[in-house]
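Q: When you get a sec, could you give me coordinates for this:
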Amino acid sequence: MRKPLFAASVIAAALSIGQPALAHRSDDIWTALMAPPGARSFVAAHRGAHVEVPENSVPAIRRAIELGVDIVEIDVRFTRDNVAVLMHDPKVDRTTTGQGKVESMTFAEIERLRLLGPDGKPTAYRVPTLDSVLRIARDKIVVDLHLKVDRAPEVAAILRRAGIRHALFYADDALWLENMQAAWRGGETLRLAQSAEELDAYLKEASPRFVHLTPDYLSRALIVRLDQRGVRGMVNVLGDPDRAAAADGRASYDAVINSGVSIIQTDRPKDLIERMTELGRHRTIR
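A: Now for the predicted structure:
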């Protein structure tokens, strides 16, 4: 009785030689993002999951991964000595124990600072480098890099060193996004269309896979039109929508969720995931 089983196991082992390893979670998320838009939407954690920890921090990224978030948005700036760090504002004043412009400070100076928590009090956490965060995110979650400066070649080099295969990019300047795509071809851009007219013009001049919408003109009809073109829309529920949802049992998210928009970006990913799951719009990729 044992011999057939043993033989079968040997054959199975032999057949497995040379076979690719199981796909990593980030690859599975990316594959789903590249598929035609459908019944599932994705959650993006704005500056990480920072309800209880500092924004743009290592624990905020780790928490997003633990929650089953699909995409984590992080802000990228460079120090005076050309180290890429995570920082939303031009200055460190709001989010750390220090003062000054990121671009005017060395990394050694920034590294001595402590990040402030949501309550404004100093924490034990430091400003992380882009490289360190990418290595944490790699294989676990898709990163969306909000480029605060036009340093595409340097960012591309960091992505390669960290072993990142896919990423999204957002910037206020459309030219920066073009430069990023030229420097590193593993990603897709999220260009902002601030009005329906601006969106129409963008769709005529380009063939994007993704576009950043605003809630002002979001509608189910618009999403249907984008879905038909194979374009995934992203919209924010930051600020008032997040606060309202926290106060009313998450019902304030419903209009955006029911629009069918592909990606929803939030400061409260746990609440949003729970509500999207209840409405059948989210399935956590493990």
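Q: For the strand or helix carrying Val211, which strands pair with it and how are they oriented?
A: Val211 is located in strand 210-212, with elements delineated by DSSP states H and E. Take DSSP bridges as the rule and strand 210-212 pairs in its sheet with strand 191-192 (parallel), strand 232-236 (parallel).
Q: So what's the gap between it and the chain middle?
A: 13 Å (C-alpha atoms, centre = their mean, to the nearest Å).
Q: same thing with stretch 56-63?
A: Distance, centroid of stretch 56-63 to centroid of chain: 12 Å (C-alpha atoms, centre = their mean).
Q: which residues make contact with it from outside it?
A: 45, 47-50, 52-54, 72, 74-75, 86-88, 95, 115, 123, 125, 127-128, 132-133, 136-137, 141 (C-beta atoms under 8 Å, 6 or more residues apart in numbering). C-beta coordinates here come from the backbone N, C-alpha and C atoms, glycine included.
Q: try 6 Å
A: 47-50, 53, 72, 74-75, 86, 115, 125, 128, 133, 136 (C-beta atoms under 6 Å, 6 or more residues apart in numbering).
Q: do the same with stretch 185-205
A: 165-170, 174, 177, 209-212, 214, 217, 234.
Q: Go through the strands paired with strand 210-212 and pick out the most buried.
A: strand 232-236 (a mean of 23; mean count of other C-beta atoms under 10 Å).
Q: got the buried residues for whatever helix or strand comes next after it?
A: With elements assigned by DSSP H and E, the helix or strand that comes after strand 232-236 is helix 240-247. Across helix 240-247, burial judged by 16 or more other C-beta atoms under 10 Å covers 241-242, 245.
Q: ok so, going back, max pairwise distance over the contacts of stretch 185-205: which two?
A: For the contacts of stretch 185-205, the farthest-apart pair by C-beta to C-beta is Arg165 and Tyr217; their separation is 33.5 Å.
Q: ok so, going back, out of the strands paired with strand 210-212, flag the one nearest Thr31.
A: Evaluated over the strands paired with strand 210-212, closeness to Thr31 peaks at strand 232-236, with 13.3 Å, by C-beta to C-beta.
Q: Just the C-alphas of the lengthiest strand in the chain, formatted as CSV.
A: In the chain, with assignment by DSSP state E, the single longest strand is strand 71-78. Extracted in CSV, the C-alpha atoms of strand 71-78 (Å, rounded to 0.1, in the frame of the first residue of the first chain):
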residue,chain,number,x,y,z
ILE,A,71,-3.1,49.4,-2.2
VAL,A,72,-1.1,51.7,0.1
GLU,A,73,-0.4,55.3,-0.9
ILE,A,74,2.8,56.9,0.3
ASP,A,75,4.4,60.3,-0.3
VAL,A,76,7.9,60.5,-1.7
ARG,A,77,10.4,63.4,-1.1
PHE,A,78,14.2,63.7,-1.2
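Q: Direction included, what does it pair up with?
A: strand 42-46 (parallel), strand 84-86 (antiparallel), strand 142-147 (parallel).
Q: Export these to TSV and append columns for mean pLDDT, mean neighbour count and distance to His24.
A: Converted to TSV, the strands paired with strand 71-78 look like this (pLDDT from 0 to 100; neighbours: other C-beta atoms under 10 Å; distance: least, C-beta to C-beta, whole Å):
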stretch	mean pLDDT	mean neighbour count	distance to His24
strand 42-46	98	26	17
strand 84-86	99	25	22
strand 142-147	98	24	11
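Q: Serialize those strands to TSV and add fields for distance to Ile223.
A: What follows is these, written out as TSV (distance: least, C-beta to C-beta, whole Å):
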stretch	distance to Ile223
strand 42-46	13
strand 84-86	31
strand 142-147	20
